[in-house]
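Student: A structural model of the following input is requested.
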Amino acid sequence: MTGHKVFVKYSNIKEKDHKWFLIIEQAILKTLAIEAVDLLCVVNVLITDDNGISGYNKEFRKIDKATDVLSFPMQSFSKAGWEGLNEPEFDEDTGDLPLGDIIISMESAEKQAIENNNTVEYETAYLMIHSTLHLLGYDHYNEISEKQMHKKNKTIIKEMGFGVNDQ
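Tutor: Just a heads-up that it's a prediction; the model follows:
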């Protein structure tokens, strides 16, 4: 389905590089397509640095350090995946389905790209796919669900045209 909306904002970022928006949007839209999301969804993304994301991590997770990405689902799922969507809560004004919010630290993405021997584009896409899967009810609370999520992540990033490594 086309028509999903991805809104991107920047915080603590000097250069608002448009390529990040394109990679982020492509990763989110590809994930929604592969997951067969058939309702018009909205995803909000905040691009920040380690200092910016550490404040959110402290506020919402009580962890006083930077992380690569945070996901804030706005819908409830009985099981992972689109088919597990419970009663959807639509935006009264637009009729769209707010799927959730994502915060990414480009500073962490850049560091991880180097550590994992990836490009920053690959790392950014991987993190966006991972976060979008969280918005769709996926989690990695045990080894089985972590493997399932990692496998989906690799499938989707390959569909985006990236070579897949075994991070």
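
Student: so who does Tyr56 touch?
Tutor: Contacts of Tyr56 were listed using C-beta atoms under 8 Å, 6 or more residues apart in numbering, and they are 70, 103. In short, each C-beta sits where N, CA and C put it, glycine included.

Student: rerun at 10 Å
Tutor: 11, 46, 48, 66-67, 70, 72, 101, 103, 105 (C-beta atoms under 10 Å, 6 or more residues apart in numbering).

Student: check the gap between it and Ala113 for me.
Tutor: Using C-beta to C-beta, to the nearest Å, Tyr56 is found at 21 Å from Ala113.

Student: ok so, going back, top of the contacts of Tyr56 by number of neighbours, please.
Tutor: Greatest neighbour count in those, by other C-beta atoms under 10 Å, goes to Ser105: 28 neighbours.

Student: can I assume it is in contact with Val69?
Tutor: Yes - with contact defined as C-beta atoms under 10 Å, Ser105 counts as touching Val69 (7.2 Å).

Student: what residues do those two have in common as contacts?
Tutor: Counting by C-beta under 10 Å, 6+ apart, the residues touching both Ser105 and Val69 are 53, 112, 127.

Student: please enumerate the helices of the protein.
Tutor: 18-34, 50-61, 106-115, 120-135, 143-159 (DSSP state H).

Student: which residues touch the residue found closest to Pro73 once you drop the neighbours it is linked to in the chain?
Tutor: Of all residues not flanking Pro73 in the chain, Gly100 sits nearest, at 4.3 Å (C-beta to C-beta, 6 or more residues apart in numbering). Contacts for Gly100 (C-beta under 10 Å, 6+ apart) come out as 41-45, 71-75, 131-132, 134-136.

Student: pick the one among those closest to Met160.
Tutor: Closest approach between the contacts of Gly100 and Met160, by C-beta to C-beta: Thr132, at 12.1 Å.

Student: count of neighbours near the residue nearest to the closest one when sequence neighbours are not counted?
Tutor: Counting by C-beta to C-beta, 6+ apart, the nearest residue to Thr132 once its immediate chain neighbours are dropped is Thr31, at 4.1 Å. Number of residues near Thr31 (other C-beta under 10 Å) recorded here: 27.

Student: try the one 5 residues further on
Tutor: Ala36 is surrounded by 10 other residues when neighbours are defined as other C-beta under 10 Å.

Student: from what I can see it touches Leu85, true?
Tutor: No - assessed by C-beta under 10 Å, Ala36 is found out of contact with Leu85, at 11.3 Å.
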